[in-house]
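Asker: this is a predicted model, with the sequence first.
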Amino acid sequence: MATYYHRAVKDIKDNGFLSAVTIITIALSILIVSAFALFFTNANNVMNYWEKGIKIMAYLKPGISQKNFPDIKLKIQGIYGIQNVNFISKEEAFERLKEQMKRQSSILMDLNENPLPDAFEISMIASSQSCEKVEEIATKIESLPSIEDVEYGQKWLERFTNIFDLFRLAGYAMGGILFMAAVFIVANTIRLVIYTRREEIKIMRLVGASEKFIRVPFYIESIIQGTLGGIIGIAALFIIFKLISSNVEHGFKYELLNIKFLSPEFYCGIILCSMFVGWLGCYISLKQFLKA
Amino acid sequence: MIDAKDKSSIIQMFHVHKHYGSKKALIDINLNVSKNEFLFISGPSGAGKSTLLRLLYLGEPVSEGQVLVDGMNLSRISKKRIPLLRRKFGIIFQDYKLISTKTVFDNVALVLEASGKKRKFIEKKVRSVLRTVGIEQRINVLPHSLSGGEQQRVAVARAVVGVPKIILADEPTGSLDSDSADIILNLLKGFHTHGGTVIVATHDKELIRKAGRRTLYLKQGRMLGPTPI
C-alpha cells in the first residue's frame, strides 16, 4: 500500500498542472455547496429562533378571584407540551401596553378603568411548536372553565409554518441539485484528466502492469485531490465568512443575526464527501476508460 | 510441420489469420521460434510485421488459429493473466512509447514496480541497466529532452530491465542514424548472448545483413520464408 501511496503522490507532482486543475475544480464545487449549506443552516437557525418565540396568551374571565390563579396555572402546566406559564396581571399588561404605545400613550390616560383582562403567557416545549400542536394545546386551554379566550396568532403561525416548510424543502432540493452538479463537474474533470493520461495507462498495460497496479494510485490520487479540494474550499468559505460576518456584526448586534460558521462535524462531513466525490469521479472514469 | 509439444520452442503460431473487417492483415501464418533464437521478420511497410508482433503479446487477438507463448495458449488465457504474459516480453516500439511526464529512471523503473520488486532493488537495477545502455548520466531528465537515439536506448533499457524471456522490437532503428542503430543492435545482441530470445520486425536490410541471423519474409500478410537479401 505504501508503494501505491508513494506512486500516487509522485503522480500528483509529475502531473502538477492537471492535479491543480482537479483540486481547484473540487475546491470551487465544495465552496459553492458549503456556502449554500452555511446560508441554509443560518437561515434555519433564525427560523428556529422565531419559532421558539411562539406563545399562547390565555385570558381569564372577569371576576375570577386571585386566590384561584395558582390553581389555574397548575391546570395549564399539567397539559402536555407546556414549558412555562407566566401570569400577567391586568395592571402589568396595561403598563406593557403603555410602553409599547409610547407616543400614543395619552389615549390610554383618558380611560376610566383598565380594560385589559388578567392573563397567562404560555410557552411550549420545542416538540410542541408546530402549528397543529399549538392549536391542540390552545383548544385544551380554552376548554378550562376560567378561561375566556386564547390567542396565539393563528393566521400568522399558519403562514409562517408554510413558509418555513417551503424554505426547508427548497433548501434540501437546492442542496441536492448543487451536490449532484458538483459530483458531475468533478467526475468530468477527473475524466478529462484521465483521458489526457490514456497513453500512460496504455504503456503501463503494455509493460505488464496489472489492473490493480494501474487503478489503485489513481484512486489514492483522487482521494488526496478530493481532500485537498475540500480543505481549500472550506478554508476559502471560512475566510469569506469572517470578512462578511465582521461587517454584519458591526451593523447589527441582534441575536437574530448571530450568524455562525458550519459546525466541525458538518465541515468534516463535507471534506469526507469531497473525498468520496473524488474517488467516485475516478472510479466512473477508470471503469469507462479501462473497459474501452 | 510445427510440433506443439516441441520443448525447445518458445513461440509457436498455428494457421494464424488476422483480419480487420474484410481487410486481411495476416494469412495462414505458421511460425516456430526456438528459445534463445535471434529472429528477424522482414518485409515492406504494411506487410503485417507489427500486427504479427502485437498478436504475440495480445496487443490484439487473433481472428483464427492458435498462438503459444512459453507454454501459454493465448486463445485460452484469462484477462487477469494477460499482465503475466506481457512480463515475459520486453517490447521496443518504433515510437519508443515513453511516458512523457516521467523521468528516464521512472520510465525504466515502471516495469519492475509493476512486477512488485522492492524499492532498493529497483534503484540498483535501473541504474545498472541505464549504465549498460550508456545513458546513466541522463537518468533524471524527461524523455522530450533526449535525442531519438537516446530515447530508443531508454526503450531498450525498459525492455531488458525486467529480464524478460523474449524481446520484441518493432522497427527499433527506424528513425535512427547508423551509429545509433549499431548501438541498439549491439544491445539486442548482448541480451541474446545472455540467453534471451529476440524477434526484430524491420525493413532495414542493412540491419539484417549486419546481424546475419535467421530472417523470415512477410508480404501482403503471407509468410514467404527466408528473406531474399
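Answerer: Yep, that arrived.
Asker: for the longest helix seen in chain A, packing partners?
Answerer: Counting residues, the longest helix in chain A under DSSP state H turns out to be helix A:154-196. Under the contact definition 3 or more C-beta pairs under 8 Å, 6 or more residues apart in numbering or on different chains; DSSP states H and E, helix A:154-196 sits against helix A:16-52, helix A:131-142, helix A:211-251, helix A:264-291. C-betas here are computed from N, CA, C, even on glycine.
Asker: tell me where chain B has strands.
Answerer: For chain B, the strands defined by DSSP state E cover B:9-20, B:23-34, B:38-42, B:64-69, B:72-73, B:89-92, B:166-170, B:197-201, B:214-219, B:222-226.
Asker: now those as JSON lines including mean pLDDT?
Answerer: Converted to JSON lines, the strands of chain B look like this (pLDDT from 0 to 100):
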{"stretch": "strand B:9-20", "mean pLDDT": "94"}
{"stretch": "strand B:23-34", "mean pLDDT": "93"}
{"stretch": "strand B:38-42", "mean pLDDT": "94"}
{"stretch": "strand B:64-69", "mean pLDDT": "95"}
{"stretch": "strand B:72-73", "mean pLDDT": "93"}
{"stretch": "strand B:89-92", "mean pLDDT": "94"}
{"stretch": "strand B:166-170", "mean pLDDT": "95"}
{"stretch": "strand B:197-201", "mean pLDDT": "95"}
{"stretch": "strand B:214-219", "mean pLDDT": "92"}
{"stretch": "strand B:222-226", "mean pLDDT": "83"}
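Asker: relative to chain A, which of those is closest?
Answerer: Shortest distance between chain A and those, using C-beta to the nearest C-beta, is found for strand B:89-92: 6.1 Å.
Asker: packing partners of the closest one?
Answerer: Packing contacts for strand B:89-92, counted by 3+ C-beta pairs under 8 Å, 6+ apart, involve helix B:148-161, strand B:166-170.
Asker: next, format those as a markdown table and append distance to A:Gln66 and mean neighbour count.
Answerer: Output for the helices and strands packed on strand B:89-92, formatted as a markdown table (distance: least, C-beta to C-beta, whole Å; neighbours: other C-beta atoms under 10 Å in any protein chain shown):
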| stretch | distance to A:Gln66 | mean neighbour count |
| --- | --- | --- |
| helix B:148-161 | 100 | 24 |
| strand B:166-170 | 107 | 24 |
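Asker: can you tell me which of those the model trusts least?
Answerer: Mean pLDDT is lowest for helix B:148-161 among those, at a mean of 91.
Asker: that one to strand B:166-170, inter-axis angle?
Answerer: If you take axes from the mean of the first three to the mean of the last three C-alpha atoms, to 10 degrees, helix B:148-161 sits at 160 degrees to strand B:166-170.
Asker: show me what helix B:148-161 is packed against.
Answerer: Helix B:148-161 sits against strand B:89-92, helix B:104-114, helix B:119-132, strand B:166-170, helix B:178-193, with contacts defined as 3+ C-beta pairs under 8 Å, 6+ apart.
Asker: which stretches of chain A have low pLDDT?
Answerer: A:51, A:105, A:154, A:249-258, A:292 (pLDDT under 70).
Asker: can you tell me how far A:Ala177 sits from chain B?
Answerer: Just to correct that, residue A:177 is Ile rather than Ala. Distance, A:Ile177 to chain B, by C-beta to the nearest C-beta, to the nearest Å: 36 Å.
Asker: and that residue, how many neighbours?
Answerer: Per other C-beta atoms under 10 Å in any protein chain shown, the neighbour tally for A:Ile177 reads 11.
Asker: residues of the next helix or strand along the chain from the longest helix of chain A that come out buried?
Answerer: Sequence-wise, the next helix or strand downstream of helix A:154-196 (DSSP states H and E) is helix A:198-206. Within helix A:198-206, the residues that qualify as buried are A:Glu200, A:Ile201, A:Ile203, A:Met204, A:Arg205, A:Leu206, counting by 16 or more other C-beta atoms under 10 Å in any protein chain shown.
Asker: stretch B:112-129 now?
Answerer: Quick answer for stretch B:112-129 (16+ other C-beta under 10 Å): B:Leu112, B:Glu113, B:Ala114, B:Ser115, B:Lys117, B:Ile122, B:Lys125, B:Val126, B:Val129.
Asker: export that stretch to PDB, keeping only CA atoms.
Answerer: What follows is stretch B:112-129, C-alpha atoms only, in PDB (Å, rounded to 0.1, in the frame of the first residue of the first chain):
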ATOM      1  CA  LEU B 112      10.000  -3.500 -12.000                       C
ATOM      2  CA  GLU B 113       7.400  -1.700 -10.000                       C
ATOM      3  CA  ALA B 114       4.600  -3.400 -11.900                       C
ATOM      4  CA  SER B 115       6.100  -6.800 -11.000                       C
ATOM      5  CA  GLY B 116       6.200  -5.800  -7.300                       C
ATOM      6  CA  LYS B 117      10.000  -5.500  -6.900                       C
ATOM      7  CA  LYS B 118      11.400  -3.700  -3.800                       C
ATOM      8  CA  ARG B 119      12.400  -0.100  -4.000                       C
ATOM      9  CA  LYS B 120      16.100  -0.700  -3.200                       C
ATOM     10  CA  PHE B 121      16.400  -3.400  -5.800                       C
ATOM     11  CA  ILE B 122      14.700  -1.200  -8.400                       C
ATOM     12  CA  GLU B 123      17.100   1.700  -7.700                       C
ATOM     13  CA  LYS B 124      20.100  -0.600  -8.200                       C
ATOM     14  CA  LYS B 125      18.900  -2.500 -11.200                       C
ATOM     15  CA  VAL B 126      17.700   0.500 -13.100                       C
ATOM     16  CA  ARG B 127      21.000   2.400 -12.600                       C
ATOM     17  CA  SER B 128      22.900  -0.700 -13.800                       C
ATOM     18  CA  VAL B 129      20.800  -1.200 -16.900                       C
END
